[in-house]
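Q: structure, please.
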Amino acid sequence: MVILMKKFAYITGIFLCLGLLIALFIIIKLYNKPHVDVESTKADYIISIENIVREFEENEEIANKKYLDKIIQVEGNIIDITLTDGNGTITLDSKNSGKTVVCSMIASENIKVVGLQKGNKITVRGICTGYLMDVMLVRAIIVN
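A: Prediction:
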């Protein structure tokens, strides 16, 4: 009986170590996953601000499945520009609809952000991270 319990503990230890090694491998693989190059990658969706916000408002779960972690391109008027610690953020609206997209720009775009003014119409491409009262795009670039 004691020998059987020792074998069981030994086998359990081996499976536990294998499970930990597999989990560690997956974590390292995900941690080292390269960022998507938004500049050289074509947009998955080119959509109006009104339509993307409407889709999130109507059914956020379905919109997340469709747009989350996808490259989205939108066009709108700048209603707010923020530069905090060298990180540019642009808020876009379209036709004064009250529906907005917040774009966190990549560092190389900050020089362009400084030259923008409220009311300018621009096209932005970025990775959609979801909806928090606004549609959020990260790693965004100015297309035009």
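
Q: so where's this protein uncertain?
A: 1-2 (pLDDT under 70).

Q: biggest strand in it by residues?
A: Among the segments of the chain that qualify as a strand by DSSP state E, the longest is strand 71-84.

Q: can I get the CA coordinates of the very next helix or strand once past it in PDB?
A: Using DSSP states H and E, the next helix or strand after strand 71-84 towards the C-terminus is strand 87-93. The C-alpha coordinates for strand 87-93 follow below in PDB (Å, rounded to 0.1, in the frame of the first residue of the first chain):
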ATOM      1  CA  ASN A  87       1.700  60.400 -25.400                       C
ATOM      2  CA  GLY A  88      -0.800  61.900 -27.800                       C
ATOM      3  CA  THR A  89      -4.500  61.200 -27.600                       C
ATOM      4  CA  ILE A  90      -7.000  62.400 -30.100                       C
ATOM      5  CA  THR A  91     -10.800  62.300 -29.700                       C
ATOM      6  CA  LEU A  92     -12.800  62.200 -32.900                       C
ATOM      7  CA  ASP A  93     -16.500  63.000 -33.600                       C
END
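
Q: and strand 87-93, how far out from the chain middle?
A: 15 Å (CA atoms, centre = their mean, to the nearest Å).

Q: list the helices and strands the helix or strand that it is followed by packs on?
A: Downstream of strand 87-93, the first helix or strand assigned by DSSP H and E is strand 100-105. Packed against strand 100-105 by the contact rule (3 or more CB pairs under 8 Å, 6 or more residues apart in numbering; DSSP states H and E) you find helix 49-58, strand 71-84, strand 87-93, strand 121-131, strand 135-142. For every residue, glycine as well, the C-beta is placed using N, CA and C.

Q: out of those, deepest packed?
A: strand 135-142 (a mean of 22; mean count of other CB atoms under 10 Å).

Q: for it, packing partners?
A: Contact here means 3+ CB pairs under 8 Å, 6+ apart; on that basis strand 135-142 packs against helix 49-58, strand 71-84, strand 100-105, strand 121-131.
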